[in-house]
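Q: predicted coordinates and the sequence they were generated for:
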Amino acid sequence: MIDCKKIQKMIVPFSKGELTLKAEEMFVKHLEQCQDCREEFEIYYIVEYGLNEAATKELSEKYKKYLHDYDFSGLVEEKLKDSENKIAGVKKFNHLLHMCLLFVNACMIMTVLIIAVIIYL
């Protein structure tokens, strides 16, 4: 399991969307299992968005609803759920891309084999 200190250092980059997909996935998975880090993350949102009105302007309306209700744990849940959805979407896209590349490679091999058969017959 990754060190909690490393995860806690990732809170700000995660919030700003600066993590790589792999790091974001590791961050989200860790927060699902570690209540202490999850609480740290929630505290960050309380401090960053509960006390800083300027920071709330950059949030989407979806998240502002949680701030308006002072539901920081709901905000954290929504951010993590959105991140999980993004990661799942990218993984599906990558899988589809991989399948397309396999299909193209198979077509190229078949083309070479057909050309070889035509030339040598």
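A: Great, that's in hand.

Q: may I have the residues that are in contact with residue 117?
A: Residue 117 makes no contacts at all, as judged by C-beta atoms under 8 Å, 6 or more residues apart in numbering. For every residue, glycine as well, the C-beta is placed using N, CA and C.

Q: please identify the helix or strand for it.
A: Taking DSSP states H and E as the criterion, the element that holds residue 117 is helix 72-120.

Q: in this structure residue 37 contacts residue 31, no?
A: Yes. Because the distance of 5.5 Å satisfies C-beta atoms under 8 Å, residue 37 is recorded as touching residue 31.

Q: so what sits against both of those two?
A: Overlap between the neighbourhoods of residue 37 and residue 31 consists of residue 7, taking contacts as C-beta under 8 Å, 6+ apart.

Q: what about the two, which has more around it?
A: Neighbours per residue, other C-beta atoms under 10 Å: of residue 37 and residue 31, the larger number sits with residue 31, 24 against 21.

Q: gap between the nearest residue to that one once chain neighbours are set aside and residue 8?
A: If you skip the residues right next to it in sequence, residue 31 has residue 38 as its closest partner in space, 4.9 Å away by C-beta to C-beta, 6 or more residues apart in numbering. Residue 38 sits at a distance of 11 Å from residue 8 (criterion: C-beta to C-beta, to the nearest Å).

Q: residue 118 now?
A: Using C-beta to C-beta, residue 118 is found at 64 Å from residue 8.

Q: so those two - more neighbours on which side?
A: Between residue 118 and residue 8, residue 8 has the larger neighbour count (other C-beta under 10 Å), namely 17 against 8.

Q: Three-state assignment for that one, please.
A: Counting by DSSP: H, G, I helix; E, B strand; the rest coil, the backbone at residue 8 sits in helix.

Q: tell me which helix or strand the residue nearest to it when sequence neighbours are not counted sits in.
A: Closest residue to residue 8 in three dimensions, ignoring its sequence neighbours and counting by C-beta to C-beta, 6+ apart: residue 40, at 5.2 Å. Taking DSSP H and E as the criterion, residue 40 maps to helix 35-45.
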